[in-house]
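Chemist: Fold the following, please.
(2 chains)
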Amino acid sequence: DAKTTQPTSMDCAEGRAANLPCNHSTISGNEYVYWYRQIHSQGPQYIIHGLKNNETNEMASLIITEDRKSSTLILPHATLRDTAVYYCIVSPNNNDMRFGAGTRLTVKP
Amino acid sequence: EPEVTQTPSHQVTQMGQEVILRCVPISNHLYFYWYRQILGQKVEFLVSFYNNEISEKSEIFDDQFSVERPDGSNFTLKIRSTKLEDSAMYFCASSVDQPQHFGDGTRLSIL
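Modeler: Model (predicted):
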């Protein structure tokens, strides 16, 4: 009963932009899109979140389609340290984060 | 930058024993959470806690589990009568609104 669909794995060349897609076709109007990542077995690290407008911070950009059924996380200049599992989560509030399997991003030199 | 700290980093316990996992959330945060991650599996939500009571819990969080904020700084997860399948990484998180900030976890090994 996953609310999001992400590719299992992706590769990206170091220094290039990494574009990670997420489908959330059943998203409700009050649900946010959150992105977290997990490096090795460390705790999940917050990256960015948005409701319907595109968002940018020092780590990444989040592009949400107009119908809100999908989104893309963009790491503009991927480094080796960005190798991690990236999770896309939809939730109406911050209180209940349900993680899926995520996308394993490997940044290659 | 303030962070969530968890102790111990690794806890080894005999099956059937009780274990308490400790977390110090970020100081001005009001919402507290526990998650677990069995090796090789996804991160699973256990419970959220606000204003000294549980606000949400998952189906995993049964009577074996309890949470407490015993003082103004600590947030604990107690697991009674541990089972082999309780072996996992346990992550604590906290937030003031959004987003959640996670600690680096306690690895719990049940023997």
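Chemist: partner residues bridging whatever residue of chain B ends up closest to chain A?
Modeler: At 3.3 Å from chain A, B:Phe102 is the closest residue in chain B, using Cβ to the nearest Cβ. (Glycine included, C-beta is placed from N, CA and C.) Note on B:Phe102: beta-bridge partners B:Ala93, judged by DSSP bridges.
Chemist: tally of neighbours for it?
Modeler: A total of 25 residues lie near B:Phe102 under the criterion other Cβ atoms under 10 Å in any protein chain shown.
Chemist: Same check on A:Pro7?
Modeler: Neighbour count for A:Pro7, taken as other Cβ under 10 Å: 14.
Chemist: Spit out the contact partners of it.
Modeler: A:20-21, A:103 (Cβ atoms under 8 Å, 6 or more residues apart in numbering or on different chains).
Chemist: Buried subset of those, written for ChimeraX?
Modeler: To isolate the buried members of these in ChimeraX, using 16 or more other Cβ atoms under 10 Å in any protein chain shown:
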select /A:20,103
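Chemist: Tell me which of the contacts of A:Pro7 fall in strands.
Modeler: Using DSSP state E, the subset of the contacts of A:Pro7 located in strands is A:20-21, A:103.
Chemist: Identify the spatial nearest neighbour of the residue positioned nearest the centre of chain B, chain neighbours not counted.
Modeler: The residue at the geometric middle of chain B, judged as the C-alpha nearest the mean C-alpha position with Cα atoms, centre = their mean, is B:Trp34 (3.6 Å). Leaving aside its sequence neighbours, B:Trp34 sits nearest to B:Leu46 (Cβ to Cβ, 6 or more residues apart in numbering or on different chains; 4.3 Å).
Chemist: The one you found: what secondary structure?
Modeler: In three-state terms, and counting by DSSP: H, G, I helix; E, B strand; the rest coil, B:Leu46 is strand.
Chemist: Neighbours of it, how many?
Modeler: Using other Cβ under 10 Å, B:Leu46 has 20 neighbouring residues.
Chemist: That one: what's it in contact with?
Modeler: B:33-36, B:57-58, B:60-61, B:65, B:77.
Chemist: Fine by me, thanks again.
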